[in-house]
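Undergrad: Need a 3D model of the sequence below.
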Amino acid sequence: MESIWTVFIAGIKPNKKRETGFLFGTINQENKSVCVLDVNQNGHCDNELQLIGKQQSFYPENLDKNEDVWVIIIVSDFDLVDCSVYVKSERMKCTCVLYDPQAFQESYLFLEKSHSAGGQQIVDDSLSGNIQQSVIEDVCHSLKFTNSPKKQIFDCSLNFVFKIVQIIVRYLGIMALSEFLVNCSQILYKRMAVGLAQGHVMCPSFLSQMKRRVDVIRTISEYHKQTPIMKLRYQNRIWNQIVDCLVGILLLMLIWQFDLHNKMVNFTLQWTHDIAGKLIVLIHWLMGAPAGLKLNVQLTQLMGQFFLYHIDLWTGYVALVQPILSSLVYLSIPISILGLSFQLSLLQDIVSMLTLHIYCFYVYAARIYSMEISAVAALWRLFRGKKWNILRERVDSASYDVDQLFFGTLILTILVFLLPTIILYYLVFLTLRFIVLSIQGILSLCVQKLNTVQIYTIVAWILKSNSISGSVIFNVVPCRSLQQSKYCLVLSMETAQLPLKTIFEITKDDDISEDSTCSLSLIFSKVLNGKLLFPWNSSSLKEKQE
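TA: Coordinates of the predicted model:
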């Protein structure tokens, strides 16, 4: 079977005077492809390119070069291109591909392919066979020998703003100041959280967002050291934060324009008192006959008075810190300058602080329920003549005397009659806990989306910029004559954009972990066993499952 060669002609304009010129480029014997990258009259090239053929206005009768591979390009009066490939003086069939190297040079994706040299496949895989290998590998390899293209208006405007941000960050000391504030805040948090279950509760959302902002500022100084695909990801990350700050400033202007800051303070204080009042009504309802259920009177009165006492403590605490809370809400408004994500992170921390009493009630009820379930399970095994083998983690047979069986059965009966009252209190506060976690989860999801939305990619895709091109399209170019078309097929190749979803997957920031939720089966198991549910750290949930 006769082999077909592929000739790539990189943006060589036809010679207006149709004079003879020498072709320089690269030859890939394995893929049977030739890349024509330069043409001149001197016969030598400054780049690391080899002489591969000639450009002429007519076909020569005899070849003046006896090379293994020799290419002749014929350009007619009407700029019709014809190409011939000679291998050891024998003419071969070929496919001639005309393309503009600047369009590929502007694309981060094609540049990444040229730098990776066989690394991760980041361009379109819809092409197949020799076309895919020749177009993607040979064209990307040829980018190493082409000059940098002129920037488009879109890229120039974005780079101008990017340079301004670099100057501001470098000369105003924002980087050092941000790192200092984050380090001081984290040290203060660790000192305050000693002995407060650090394995379950992570750093507050506001400090986590501040740490991410410092990381974004740090990437500005490392931008020019990265690979093309990392530069594209850094562009998304930096422009994401710029847009976040602009939206935050707009929100700040709206708050001050419509005098919303006073309303926010009053609403926060009123909402805190309303929650405490509704909890008192709820507990009084549980102390009676909720939904017609017959509960243990002594136990429900004891638990009700216990929770009412803590509500009184919470009400006194809120009255004590009310001036501080008002100042905190006022101080949170200027934080909008840092971005909308900071406002949402701070709101998430405020919700956690204002629902601390609900969390405490849930912990009390969950611990009581967990001890009740554990005791009932152990006594039920005793009632059946079984025991739990700790070493082998299984249930084995055991022998008990009459006194042990009597007291075990008696205590089991008492606990079973007390179980409905405990379950009711546990379910009520578990429901409240789920409501609070849902609010925090929505806020956390909004912050995560604000941190991961790819602003630069979306704008470039809408404006059809070459910077995110990752595929190619072909058009057939007419040949000079029917006879020449038997030996050469001429195609023009242009860059094309990938689907937006595919670009999102390629440019997704690896530093953002989206696995922040645990499975439903794990949550259901922890609810049945009375294990605590923590909102921020899913790994701690898995560690405490058993």
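Undergrad: who touches Arg212 in this structure?
TA: Asn451 (C-beta atoms under 8 Å, 6 or more residues apart in numbering). All C-beta atoms are positioned from the backbone trio N, CA, C, and that covers glycine.
Undergrad: mind checking which helix or strand it is in?
TA: helix 205-221 (DSSP states H and E).
Undergrad: Mean pLDDT per helix and strand in this protein: which one sits at the bottom?
TA: In the chain, no helix or strand scores lower on mean pLDDT, DSSP states H and E than helix 538-543, which sits at a mean of 39.
Undergrad: Could you look up the next helix or strand downstream of the longest helix belonging to the chain?
TA: Criterion DSSP state H: the longest helix present in the chain is helix 402-452. Downstream of helix 402-452, the next assigned helix or strand under DSSP H and E is helix 455-462.
Undergrad: Can you classify the closest residue to Gly408 other than its chain neighbours by secondary structure?
TA: Nearest residue to Gly408, sequence neighbours excluded (C-beta to C-beta, 6 or more residues apart in numbering): Leu382, at 4.2 Å. Reducing the assignment at Leu382 to three states with DSSP: H, G, I helix; E, B strand; the rest coil gives helix.
Undergrad: how does this protein divide into domains?
TA: Here the domain assignment for the chain is 4-150+468-505, 153-256, 259-454, based on automatic domain parsing.
Undergrad: Show me the one of those that comes nearest Leu533.
TA: domain 259-454 (6.5 Å; C-beta to C-beta).
Undergrad: Off-centre distance for that closest one?
TA: 32 Å (C-alpha atoms, centre = their mean, to the nearest Å).
Undergrad: tell me how far the ends of it are from each other?
TA: 33 Å (C-alpha to C-alpha, to the nearest Å).
Undergrad: for it, what is the average pLDDT?
TA: For domain 259-454, mean pLDDT is 87.
Undergrad: sorry, back to before: what separation do you get for the residue nearest to Gly408 and Ser374?
TA: Distance, Leu382 to Ser374, using C-beta to C-beta, to the nearest Å: 13 Å.
Undergrad: Compare neighbour counts for these two and give me the winner.
TA: Looking at Leu382 and Ser374 with other C-beta atoms under 10 Å, you find the greater number of neighbours at Leu382, namely 19 against 12.
Undergrad: Pretty sure the residue nearest to Gly408 sits against Ser397.
TA: No. Taking contacts as C-beta atoms under 8 Å, Leu382 lies outside contact range of Ser397: 11.8 Å.
Undergrad: what mean pLDDT does the helix or strand where Asp38 lies have?
TA: Per DSSP H and E: Asp38 is located in strand 33-40. Per-residue pLDDT over strand 33-40 has a mean of 81.
Undergrad: would you say Ile283 is within a helix?
TA: Yes. Assigned with three-state DSSP, Ile283 falls within a helix.
Undergrad: Isn't it up against Phe307?
TA: Yes. With contacts counted by C-beta under 8 Å, Ile283 reaches Phe307, the gap being 5.1 Å.
Undergrad: intersection of neighbour lists for the two?
TA: Between them, Ile283 and Phe307 share no contacting residue, judged by C-beta under 8 Å, 6+ apart.
Undergrad: Could you measure from the residue nearest to Leu415 when sequence neighbours are not counted over to Phe406?
TA: Nearest non-adjacent residue to Leu415, counting by C-beta to C-beta, 6+ apart: Val376, 5.3 Å away. Here the criterion is C-beta to C-beta. By it, Val376 lies 17 Å from Phe406.
Undergrad: These two: who's more crowded?
TA: For Val376 versus Phe406, neighbours defined as other C-beta under 10 Å are more numerous around Val376 (16 against 11).
Undergrad: And that one, which helix or strand is it part of?
TA: helix 356-383.
Undergrad: Lys387 now?
TA: strand 386-389.
Undergrad: helices or strands up against that strand?
TA: helix 356-383, strand 394-397 (3 or more C-beta pairs under 8 Å, 6 or more residues apart in numbering; DSSP states H and E).
Undergrad: Make TSV out of the ones you listed and add distance to Trp271.
TA: Output for the helices and strands packed on strand 386-389, formatted as TSV (distance: least, C-beta to C-beta, whole Å):
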stretch	distance to Trp271
helix 356-383	13
strand 394-397	49
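Undergrad: Out of these, which is the most enclosed?
TA: helix 356-383 (a mean of 17; mean count of other C-beta atoms under 10 Å).
Undergrad: tell me the angle of it relative to helix 402-452?
TA: Here the directions of helix 356-383 and helix 402-452 differ by 140 degrees (axes from the mean of the first three to the mean of the last three C-alpha atoms, to 10 degrees).
Undergrad: by contact count, what packs against helix 356-383?
TA: helix 260-287, helix 297-332, strand 386-389, helix 402-452.
Undergrad: Please repeat the previous calculation with a cut-off of 7 Å.
TA: helix 297-332, helix 402-452 (3 or more C-beta pairs under 7 Å, 6 or more residues apart in numbering; DSSP states H and E).
Undergrad: could the ones you listed go into a markdown table alongside distance to Gly339?
TA: Formatted as a markdown table, the helices and strands packed on helix 356-383 follow (distance: least, C-beta to C-beta, whole Å):
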| stretch | distance to Gly339 |
| --- | --- |
| helix 297-332 | 13 |
| helix 402-452 | 8 |
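Undergrad: Deepest-packed of these, please.
TA: It is helix 402-452: most buried of the helices and strands packed on helix 356-383 by mean count of other C-beta under 10 Å, with a mean of 16.
Undergrad: just checking, what packs against that helix?
TA: helix 205-221, helix 260-287, helix 297-332, helix 340-354, helix 356-383.
Undergrad: quick one: buried residues of the fourth one?
TA: Across helix 340-354, burial judged by 16 or more other C-beta atoms under 10 Å covers 340-350, 352, 354.
Undergrad: Thr452: which of those is nearest?
TA: For those, the nearest to Thr452 is Ser341 (10.6 Å; C-beta to C-beta).
Undergrad: returning to what we had before: relative to helix 205-221, how tilted is the longest helix of the chain?
TA: Using the same axes, to 10 degrees, helix 402-452 lies at 40 degrees relative to helix 205-221.
Undergrad: got the angle for helix 402-452 vs helix 340-354?
TA: Going by the same axes, to 10 degrees, helix 402-452 makes 160 degrees with helix 340-354.
Undergrad: Give me the residues contacting stretch 296-303.
TA: Applying C-beta atoms under 7 Å, 6 or more residues apart in numbering, the contact partners of stretch 296-303 are Leu286, Met287, Phe417, Leu418, Thr421, Tyr425.
Undergrad: Now it - C-alpha only, PDB.
TA: C-alpha atoms of stretch 296-303 as PDB (Å, rounded to 0.1, in the frame of the first residue of the first chain):
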ATOM      1  CA  ASN A 296     -42.500   9.700  80.900                       C
ATOM      2  CA  VAL A 297     -43.600  12.700  83.000                       C
ATOM      3  CA  GLN A 298     -40.700  12.800  85.300                       C
ATOM      4  CA  LEU A 299     -38.100  12.400  82.600                       C
ATOM      5  CA  THR A 300     -39.600  14.900  80.200                       C
ATOM      6  CA  GLN A 301     -39.900  17.400  83.000                       C
ATOM      7  CA  LEU A 302     -36.300  16.900  84.000                       C
ATOM      8  CA  MET A 303     -35.000  17.300  80.400                       C
END
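Undergrad: where does the stretch 101-250 of the chain dip in pLDDT?
TA: By pLDDT under 70, the weakly predicted segments of the stretch 101-250 of the chain are 114-203, 221.
Undergrad: element containing Cys94, please.
TA: Per DSSP H and E: strand 90-99 holds Cys94.
Undergrad: picking up where we left off before, the helix holding Arg212: which residues count as buried?
TA: 205-214, 216-217, 219-220.
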